[in-house]
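Chemist: Here is a sequence together with a model predicted from it:
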Amino acid sequence: MAPTKTSKVSSTSKSSIQKHSASGVGAPSQLAQSSRKGKKAWRKNIDIQPVEQGLESLRSEERVIGSTLQKQTDNQLFVVDTKGDDKVRKSLPRYSKAELTSTKILSQRSAIPAVFSRPTKDSIPSRSKVSRADKERLLRIAKRPRKGPFNAVMDHTEFGAGSAVIDVSAAVKHSGSYDPWAAEEVEEMADGLEHTTKPKIKRPELSHPRDVIEIPAVLEPHQGSSYNPPTAAHNELIMEACKVERRKQDEADRLAEVRRKVADARAIATNVTEGLPLGMTLDEIPADDGEPVAQHDAVVPKKPSARKTKQQRAKAVRLREEKRALAEKAARKKMLATITMAKSFRSTAEKVSQQQNQARLARQLALKMKHRKGLAGQRLGKYKVPENEIEVQIGEDLSENLRTLKPEGNLFRDRFRSMQQRALIEPRVPVLPTRRAKLKEFEKHAWKRFE
């Protein structure tokens, strides 16, 4: 009989070959597979027993208490008895079934209500009752006869008897609930909710020109505008009106000159000779006696291109390097010289900033003083605020009494212009209606139509 070979297997190899038992929680364990090639094998052979045990412990806490211990507050978990009562033991009954330990364990076993086989009042869902309004609406949709007051049958074809609900608007329902004079309620935002609620944008507190303007609504008229003015005041007002008209005339002349130049430029642009620059004219060549002029093309001699030698190229490279080195040395020397002047530069920068701040404050003050006299003649937005027209009459048109006085100006236009100058309304220009072109009428003759 031939001897047989016996192989000993170590305990460690047996344990590696033997598969682990199933998890106590219920999830199968497959940790005995040695191959873990690829993501699928890694995901399949991961030990999740600790995770399952932790989740099971949380589920047991929810079954007993109703929620996890982490979600319970300190007041629900702990009680601090700061003042005892000796009469509590005497007030309690000697024996109670609810005080037994077994009863407490059975009552606190689970916070989830038990399942009963017999239906109870709480388990039966309450029958939803249809309201009267919904019932009438459904009858209107189905066009079924419905009874109104005094058991009269309503006509489904009349106004308001269709399927649409005719009711008062939301504005009427909420009328009287808004108080414009009530104080605004400040909403307190809890910590951590800043990103969920949209913050209200605070209006910037900027100065308005109307807060600075000090001119009255109705200006006091000049003495020269009276029906019987003093001679000096009348002459002064006439000179002011003359200056205004002269300025308007100069502006009109300047615009006319600009328009004339534009027209001349357009005329020159239309008469451009091909091959000549804009604005240049070509003189006419006088006619000769008929002798042909010999034309010779000018021959430009070509400069021979000489190739640099190796020495010349090296010399050019060396010169460039020397120039670069000298420039770097000069820049470094200049930088080192400016390091010692850092304090003087700082003081100079401070002085310049102070001067800029003073100039800015001076501009703001000048603008403020200018706004005090109103916005007349200034551009505010798209249009310019109109100025007051000087209403003056020459000596021939003056009336020495009120009986022969001729009314001048327009009160509505004056008040409208005053509101614009005081920045109460924005400046506007009158929008004139556009005139449509007239239709041309043509008479068609029947005898001209050939069929």
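Modeler: Happy to help now that I have it.

Chemist: where does the residue nearest the centre of the chain land on pLDDT?
Modeler: What sits nearest the mean C-alpha location of the chain, by CA atoms, centre = their mean, is residue 201, with 10.9 Å. We have a pLDDT of 83 for residue 201.

Chemist: just how off-centre is the longest helix along the chain within its chain?
Modeler: Secondary structure of the chain per DSSP state H: the longest helix is helix 231-270. When distances are taken as CA atoms, centre = their mean, to the nearest Å, helix 231-270 is centred 45 Å away from the chain's centroid.

Chemist: cool, and stretch 325-339?
Modeler: The answer for stretch 325-339 is 50 Å, by CA atoms, centre = their mean.

Chemist: if you average pLDDT over it, what comes out?
Modeler: So the average pLDDT for stretch 325-339 ends up being 90.

Chemist: just the helices in the stretch 51-200 of the chain please.
Modeler: 74-77, 88-91, 101-107, 132-142, 170-173 (DSSP state H, counting those that start in this stretch).

Chemist: Now the third one: buried residues?
Modeler: When burial is assessed from 16 or more other CB atoms under 10 Å, helix 101-107 yields no buried residues. For every residue, glycine as well, the C-beta is placed using N, CA and C.

Chemist: now the second one
Modeler: When burial is assessed from 16+ other CB under 10 Å, helix 88-91 yields no buried residues.

Chemist: what does the longest one give?
Modeler: Neighbour-count burial for helix 132-142 flags 136, 137, 139, 140 (criterion: 16+ other CB under 10 Å).

Chemist: What is the neighbour count of residue 378?
Modeler: Neighbour count for residue 378, taken as other CB atoms under 10 Å: 15.

Chemist: still on that earlier bit, export the buried residues of helix 132-142 to CSV and tack on distance to residue 218 and pLDDT?
Modeler: Formatted as CSV, the buried residues of helix 132-142 follow (distance: CB to CB, whole Å; pLDDT from 0 to 100):
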residue, distance to residue 218, pLDDT
136, 65, 82
137, 63, 82
139, 69, 84
140, 65, 80
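
Chemist: Tell me which two of those sit farthest apart.
Modeler: With distances taken as CB to CB, the most widely separated pair in the buried residues of helix 132-142 is 137 and 139, at 7.3 Å.

Chemist: quick revisit: tell me the average confidence for the longest helix of the chain?
Modeler: Averaged over helix 231-270, pLDDT sits at 91.

Chemist: Heading C-terminal from it, find the next helix or strand.
Modeler: helix 310-339 (DSSP states H and E).

Chemist: coming back round to it: how close does the residue nearest to the centre of the chain get to residue 185?
Modeler: Taking CB to CB, to the nearest Å as the measure, residue 201 falls 17 Å from residue 185.

Chemist: try residue 53
Modeler: 51 Å.

Chemist: between those two, which one's more packed in?
Modeler: Between residue 53 and residue 185, counting by other CB under 10 Å, residue 53 is the more crowded of the two (13 against 6).

Chemist: What separation do you get for the more buried one and residue 47?
Modeler: Distance from residue 53 to residue 47, by CB to CB: 11 Å.

Chemist: same check, this time on residue 345
Modeler: Applying CB to CB to residue 345 and residue 47 gives a distance of 70 Å.

Chemist: Kindly report the same for residue 318.
Modeler: 75 Å.

Chemist: for the longest helix of the chain, which positions count as buried?
Modeler: Neighbour-count burial for helix 231-270 [16+ other CB under 10 Å]: 234, 236, 237, 238, 241.
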